[in-house]
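Enquirer: Please work out how this folds:
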Amino acid sequence: MISNIFIIIGIVLFISKLVLTQFNKNKPTKINVDNPNYCILVPARNESHVIEDLLHSIKSQTQKVPFENVYIIVEDKNDPTTKIAKKYNANIFIRQKLELKRKGYALMEAIEFITKTKSYDAYFIFDADNILDKDYIKEMNKSFMNGYDIGIGYRQIKNKTNSIALSSHLIFTLVNELSNKNRSKHNINCNCSGTGFYITGKLINKLKTYPFHSLTEDYEISLYACINNLTTTYNRNALFYDEQPTNYKTYLKQRTRWVKGYFEARKIYIKEIRRSLDYKDKNYGSKISTVIGVQPLIYLLIGVLLL
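Expert: I've put the predicted structure just below:
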């Protein structure tokens, strides 16, 4: 009996989420910018073994981003990563606040430095082990020109080493193809997942910083976009490749971090999102979807286990 109640609650929440998110009106406004000026940010502490593949893929883009707009973020001037970055004439930003350990803080320091003297139309964020398809920037440029504040690329697997790596990649495929694709279709805020996305310069140049410092700063950005009615899109044609864990210990550590980060980020924003719920809000669908979150899955899982 109790198991059935949990299952019914899960189904009701799932259907409610599905129905209430179909009519979002938070649409972008197309922009007209000649030759947009893009910035690329890469946190790359001790990443000399992988950084060159990323830099080569940036150099090979069909729509060029000059390396004077590429910033490699390290913690030590003697890091071998800097030597490789210099070969491509990329900027090297050496962090000063090393007591702040997370990726979000590395991006914060770099952006605070850059925005003192420069302004870009959009800021792309990659991990050092990423590789970009040759048309990645070209495809993302379409999303930017359509007026989206945040554009999310299609993550592919870089190392098809074993079943652990493949199953890890499958999670991202499910997030993008079963969630973000549908969200983008109905103007619902998409969820950033790790890397391979851009944030409009309009936002970054306004903030003059990067205020997302939780364990999962990507999900925190997604929540910020939701509460502030930013427009987001998933661009399936903007392909990039990412390295996945190949052993169970690393896999489990990564997933545990994500779960902690999920609840840490929600703790920051969820109360504010609940208070802002208004069916007249053009981004109501995104907000109700965010408030419900993964509750349907949790109720269904508990129900099935009890059963």
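
Enquirer: could you measure Thr256 against Thr173, distance?
Expert: Going from Thr256 to Thr173 by CB to CB, to the nearest Å gives 21 Å. C-beta coordinates here come from the backbone N, C-alpha and C atoms, glycine included.

Enquirer: Which pLDDT value belongs to Ser179?
Expert: Looking at Ser179, its pLDDT reads 87.

Enquirer: which one is it nearest to, not counting chain neighbours?
Expert: Asn191 (6.7 Å; CB to CB, 6 or more residues apart in numbering).

Enquirer: Wasn't the one you found part of a strand?
Expert: No: going by DSSP: H, G, I helix; E, B strand; the rest coil, the assignment for Asn191 is coil, not a strand.

Enquirer: number of nearby residues for it?
Expert: By other CB atoms under 10 Å, 22 other residues sit near Asn191.

Enquirer: now swap in Lys17 and tell me
Expert: 18.

Enquirer: ok, back up a step: contact partners for the residue nearest to Ser179?
Expert: Neighbour list for Asn191: Val175, Ser179, Asn180, Arg183, Asp218, Tyr219, Ser222 [criterion: CB atoms under 8 Å, 6 or more residues apart in numbering].

Enquirer: Also Arg236?
Expert: Counted by CB under 8 Å, 6+ apart, Arg236 has contacts Tyr154, Asn176, Lys181.

Enquirer: hang on, the second one in a strand?
Expert: The reference is to Asn176. No: counting by three-state DSSP, Asn176 is not found in a strand; it is helix.

Enquirer: picking up where we left off before, pLDDT-wise, what's the bottom of the contacts of Asn191?
Expert: Val175 (82).

Enquirer: Pull the contacting residues for that one.
Expert: Residues near Val175 by CB under 8 Å, 6+ apart: Asn191, Ser193.

Enquirer: Would you mind measuring from it to Lys181?
Expert: For Val175 relative to Lys181 (CB to CB), the value is 10 Å.

Enquirer: Could I get the phi/psi values of Asp76?
Expert: Main-chain dihedrals, Asp76, degrees, to the nearest 10: phi -150, psi 130.

Enquirer: Check Phe67 too.
Expert: Dihedral angles for Phe67 - degrees, to the nearest 10 - are phi -70, psi -10.

Enquirer: isn't it right up against Lys86?
Expert: No: using CB atoms under 8 Å, Phe67 is not in contact with Lys86; the gap is 10.2 Å.

Enquirer: which of the two has more neighbours?
Expert: Set Phe67 next to Lys86 and count neighbours by other CB under 10 Å: Phe67 wins out with 18 against 12.

Enquirer: residue contacts, that one?
Expert: Counting by CB under 8 Å, 6+ apart, Phe67 makes contact with Ile58, Lys59, Tyr88, Asn89, Ala90, Asn91.

Enquirer: repeat that for 10 Å
Expert: Ile40, Leu55, Ile58, Lys59, Ala85, Lys87, Tyr88, Asn89, Ala90, Asn91 (CB atoms under 10 Å, 6 or more residues apart in numbering).

Enquirer: just Ile204 next, same as before
Expert: Neighbours of Ile204 in contact, by CB under 10 Å, 6+ apart: 39, 41, 107, 111, 114-115, 119-123, 198, 210.

Enquirer: which residue packs closest to the spatially most central residue of the chain, ignoring adjacent ones?
Expert: When CA atoms, centre = their mean is applied to the chain, the residue found nearest the centroid is Cys192 (2.9 Å). The spatially closest residue to Cys192, leaving aside those adjacent along the chain, is Asp218, at 4.1 Å (CB to CB, 6+ apart).

Enquirer: got the contact list for Ile11?
Expert: Pro296, Tyr299, Leu300, Gly303.

Enquirer: and of the residues you listed, the nearest to Tyr251?
Expert: Among the contacts of Ile11, Leu300 lies closest to Tyr251 (CB to CB), at 23.7 Å.

Enquirer: for the record, mean pLDDT for the longest strand along the chain?
Expert: Identified as the longest strand of the chain according to DSSP state E is strand 232-242. Strand 232-242 shows a mean pLDDT of 95.

Enquirer: Going by neighbour count, which residues of it are buried?
Expert: Residues of strand 232-242 classed as buried by neighbour count (16 or more other CB atoms under 10 Å): Thr232, Thr233, Tyr234, Asn235, Ala238, Leu239, Phe240, Tyr241, Asp242.
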